[in-house]
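A.B. asks: Quick one: sequence and predicted model below, then my questions.
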Amino acid sequence: MINFSHIKSTYLFLVLFLNFQLISCAQNPKETIKNKITSTNFIQVGAAQTNAYLKFLEGRNVAVVANQTSVINKSNLGENHLIDSLLLLNINVKKVFAPEHGFRGKADAAEIVKDGFDTKTGLQIISLYGKNKKPTKEQLAGIDVVVFDIQDVGVRFYTYISTLHYVMEACAEAGIEIIILDRPNPNAHYIDGPVLELAHKSFVGMHAVPVVYGMTIGEYGQMINGEKWLKNKIAANLKVIPLKNYTHDSIYHLPIRPSPNLPNDLSINLYPSLGFFEGTIINAGRGTEFQFQRYGAPFFSETTFNYTPVANFGAKYPKHKNQRCYGVDLSNTKRLITIHLDWLIDGYQKTPKSEKFFGNTFTIHAGNTKLQQQIESGFTAEEIKKTWQKDLKSFKKIRKKYLIYK
């Protein structure tokens, strides 16, 4: 008997593979098509390996946790979204769950995303941001397996790993299998930052991990399971479809911005350092085209570098909207291999005492009250970092147990 599903799967992969190669060659005219096709060194995401996971989906009712990054291929000729590809392969996708920023990734940070229906496929879309952060029993009724495919950036206060936690917990409680289609972590090349103290647990940080934890989202899911972090220490029935040709030191250029205010590699690399400004009065580039590549405020001393935040895509209400901000341009910063605290300290020192530098959310971004106290007490960046080392050493021992890649 002919296995049409397998034929479709193979055909889809070949089309995507050749499309990728042709576009790559068009961008690199000195490289021949032959050389590109015979090369196997490019990173292959879990979603692209349909032969590895279709067998777990065929004949079953499927829910997918996805957003705009959930694509099998992205090129100048267009993209193949995971949802569209699964439907093409006759996989019975019943509904889609969407994280912060929504299914299309256009909502502001912290903006409530409403439930709805995808205009292209007609599938029901259920938001997992706002009051409903965890799929309910009713929402999972009739579902046999959940596929999780979202591009993460490897930073504790980036909420996609919190969404993963709640999805795993809901699946474990309902006896539903969950499959993570793994994707590279663009900040996996180092581990740094204060480890979260559980007294300050929130959706912005749910686990005792440092700000930069050096794991892919698949590895992180294994750690959630293995460390019994789910409610009542239950464990999800988890499968990870691993990456190919990937190590934690791989430099991976995200083809699609993972959220509205992380537009490129530089912003993603600077985000662990500048993300602390989210809990302060300082603008970190929201309301410009250089999000997380600069910081400033109207009350800083006048400098030659200045900018004016305005309402734009992903930032309807940026800090100091329509006000000229003086500050620091980081657009020429070389790739960081550590968290850079000097910018946060510099922002604090430049802020007049009449202004309240630290906001109510700074503690949940830092994961403790110590960092604010240390900065207010005049600690240097080096002195602060020394206080992180014991906890970082302990975390690295835990992390090592769940690594899939070198």
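C.D. replies: Sure, I can see it.
A.B. asks: right, and residue 361 touches residue 204 too?
C.D. replies: Yes. Using C-beta atoms under 8 Å, residue 361 makes contact with residue 204 at a distance of 7.4 Å. All C-beta spots, glycine's among them, are computed from the backbone N, C-alpha and C.
A.B. asks: Which one of those two is surrounded by more residues?
C.D. replies: The residue with more neighbours, out of residue 361 and residue 204, is residue 204; 21 against 15, by other C-beta atoms under 10 Å.
A.B. asks: if I look at the more buried one, how far off is residue 158?
C.D. replies: Residue 204 sits 9 Å away from residue 158, going by C-beta to C-beta, to the nearest Å.
A.B. asks: what ranges do the strands span in the stretch 201-350 of the chain?
C.D. replies: For the stretch 201-350 of the chain, strands defined by DSSP state E, counting those that start in this stretch occupy the ranges 238-241, 294-297, 306-307, 325-329.
A.B. asks: which helices and strands does the host helix or strand of residue 178 pack with?
C.D. replies: Assigned by DSSP states H and E, residue 178 falls within strand 177-181. Judged by 3 or more C-beta pairs under 8 Å, 6 or more residues apart in numbering; DSSP states H and E, strand 177-181 is in contact with strand 145-149, helix 160-174, helix 217-226, strand 238-241.
A.B. asks: Tell me what angle it forms with strand 145-149.
C.D. replies: If you take axes from the mean of the first three to the mean of the last three C-alpha atoms, to 10 degrees, strand 177-181 sits at 20 degrees to strand 145-149.
A.B. asks: next structured bit after the lowest-mean-pLDDT helix or strand in the chain?
C.D. replies: Using mean pLDDT, DSSP states H and E, the weakest-scoring helix or strand in the chain turns out to be helix 33-38, at a mean of 28. Per DSSP H and E, the first helix or strand lying C-terminal to helix 33-38 is helix 50-53.
A.B. asks: buried set for that following helix?
C.D. replies: Buried residues in helix 50-53, counting neighbours by 16 or more other C-beta atoms under 10 Å, are found at 50, 52, 53.
A.B. asks: The first one contacts residue 85, correct?
C.D. replies: What it means is residue 50. Yes. Between residue 50 and residue 85 there is a contact at 7.4 Å, judged by C-beta under 8 Å.
A.B. asks: Contacts only, for the nearest residue to residue 356 once chain neighbours are set aside.
C.D. replies: Leaving aside its chain neighbours, residue 356 sits nearest to residue 281 (6.3 Å; criterion: C-beta to C-beta, 6 or more residues apart in numbering). Counting by C-beta atoms under 8 Å, 6 or more residues apart in numbering, residue 281 touches 297, 319, 351, 355, 356, 357, 359.
A.B. asks: do you know how far residue 281 is from residue 323?
C.D. replies: 12 Å.
A.B. asks: What of residue 258?
C.D. replies: 28 Å.
A.B. asks: out of the two, which sits in the more crowded spot?
C.D. replies: In this view residue 258 and residue 323 are compared by other C-beta under 10 Å, and residue 258 has more residues nearby, 24 against 16.
A.B. asks: quick one, what contacts that one?
C.D. replies: Residues counted as contacts of residue 258 (C-beta under 8 Å, 6+ apart) are 69, 105, 151, 152, 153, 160, 268.
A.B. asks: hmm, back to that, let me know which of the strands of the stretch 201-350 of the chain is the nearest to residue 120.
C.D. replies: Proximity to residue 120, assessed across these by C-beta to C-beta, is greatest for strand 238-241 (24.5 Å).
A.B. asks: Which strands and helices lie in contact with that closest one?
C.D. replies: Against strand 238-241 (3+ C-beta pairs under 8 Å, 6+ apart) you get helix 50-53, strand 177-181, helix 217-226.
A.B. asks: Please identify the deepest-packed of those.
C.D. replies: Of the helices and strands packed on strand 238-241, the one with the most neighbours on average (mean count of other C-beta atoms under 10 Å) is strand 177-181, at a mean of 24.
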